[in-house]
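Undergrad: here is a sequence together with a model predicted from it:
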Amino acid sequence: MTAILFQFLSFVLMSTLLACSTVTSKTPDLRDIAPTQPAAENTEAKGMQTAVLAGGCFWGVEAVFAHVKGVTDSRSGYAGGDARTAKYDLVSDGNTGHAEAVQVTFDPTKVTYTQLLTIFFSVVHDPTELNRQGPDTGTQYRSAIFYVNDEQKKLAEDFIRSIDAAKRYPKPVVTQVVPLVKFYDAEAYHQDYLKNHPNDPYIVYHDLPKLEELKNRFPELWKD
């Protein structure tokens, strides 16, 4: 009898999560306020480039960028701390300086850094939440852009000013814009977590809706 009850409750929980996953994202559409002529962005740059972004639990962030055309690799990891503490069990304490981050490798002739930022600010997370995203709290879940050069720094700062000036969010953007010192890959079991665990309740409730949002808002950039 206990087993039957457990199965029933599990079915009810999963049904509820699936229903919740269809709820429209609360984040605004920012495409119309993205800087129309990003300062000095070189869209004809040769070779692959990288962006390192932190917006809460890296499972969903990694999955969103993995589905963007022009992105060749999206990896979960840690940024902001040092090598000694770049381990999940330590980062989870919130005292290492690290943020759960994602390194995005992209072809700038197919997707621009500004387009990646637009997705970051309007699909990946709520950039007005300080040291948290949804149910996850702590500095390891902070919103941050780890820039790799001065161009990325300026583009990120200009975009944040544009968001705040347009007042699309009820609160100011709290995203940190800081230089990348080093990105450390997360443990193997964190890589492609959504792809490998699509029925995980956390994934169903918090991350699958982000993929739907990406597909609906940016069909021209969506890839299966």
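TA: Perfect, thanks for sending it.
Undergrad: please make it C-alpha for all contacts and neighbour counts, starting now.
TA: Noted.
Undergrad: helix, strand, or coil at the most centrally placed residue in the chain?
TA: Central residue of the chain (C-alpha atoms, centre = their mean): residue 61, 3.1 Å from the mean position. For residue 61, the assignment made with DSSP: H, G, I helix; E, B strand; the rest coil gives helix.
Undergrad: can you name the residues that contact it?
TA: Contacts for residue 61 (C-alpha atoms under 8 Å, 6 or more residues apart in numbering) come out as 54, 55, 102, 124.
Undergrad: farthest-separated two in those residues?
TA: 102 and 124 (11.3 Å; C-alpha to C-alpha).
Undergrad: give me the more crowded residue out of those two.
TA: residue 102 (31 against 28; other C-alpha atoms under 10 Å).
Undergrad: run through the neighbouring helices and strands of the helix or strand encompassing the more buried one.
TA: Following DSSP states H and E, one finds residue 102 within strand 99-106. If contacts are counted by 3 or more C-alpha pairs under 8 Å, 6 or more residues apart in numbering; DSSP states H and E, strand 99-106 sits against strand 49-55, helix 58-66, strand 71-79.
Undergrad: can I get it as PDB, trimmed to CA atoms?
TA: Written as PDB, here are the backbone C-alpha positions of strand 99-106 (Å, rounded to 0.1, in the frame of the first residue of the first chain):
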ATOM      1  CA  ALA A  99      30.200  31.500  -8.700                       C
ATOM      2  CA  GLU A 100      28.600  28.600 -10.500                       C
ATOM      3  CA  ALA A 101      29.400  29.800 -14.100                       C
ATOM      4  CA  VAL A 102      29.300  28.600 -17.600                       C
ATOM      5  CA  GLN A 103      32.000  29.000 -20.300                       C
ATOM      6  CA  VAL A 104      30.400  29.500 -23.700                       C
ATOM      7  CA  THR A 105      32.500  29.000 -26.800                       C
ATOM      8  CA  PHE A 106      31.000  30.700 -29.800                       C
END
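Undergrad: how far is whichever helix or strand comes after it from where the chain is centred?
TA: Using DSSP H and E, the helix or strand that follows strand 99-106 in sequence is helix 113-119. Averaging C-alpha positions (C-alpha atoms, centre = their mean, to the nearest Å) puts helix 113-119 11 Å from its chain's average.
Undergrad: ok, residues contacting the strand holding residue 102?
TA: Contact with strand 99-106 is made by 48-58, 61-62, 65, 70-81, 91, 139-142, 144, 183, as judged by C-alpha under 8 Å, 6+ apart.
Undergrad: switch the cut-off to 6 Å
TA: Identification of contacts with strand 99-106 by C-alpha atoms under 6 Å, 6 or more residues apart in numbering yields 48-54, 58, 62, 70-79, 140-141.
Undergrad: which neighbours in the sheet does that strand have, and how are they oriented?
TA: strand 49-55 (antiparallel), strand 71-79 (antiparallel) (DSSP bridges).
Undergrad: ranges for the helices of the chain?
TA: Listed in chain order, the helices of the chain (DSSP state H) span 2-20, 58-66, 88-91, 113-119, 150-166, 193-196, 201-202, 208-217.
Undergrad: how about residue 168, nearest residue that isn't a chain neighbour?
TA: residue 28 (6.5 Å; C-alpha to C-alpha, 6 or more residues apart in numbering).
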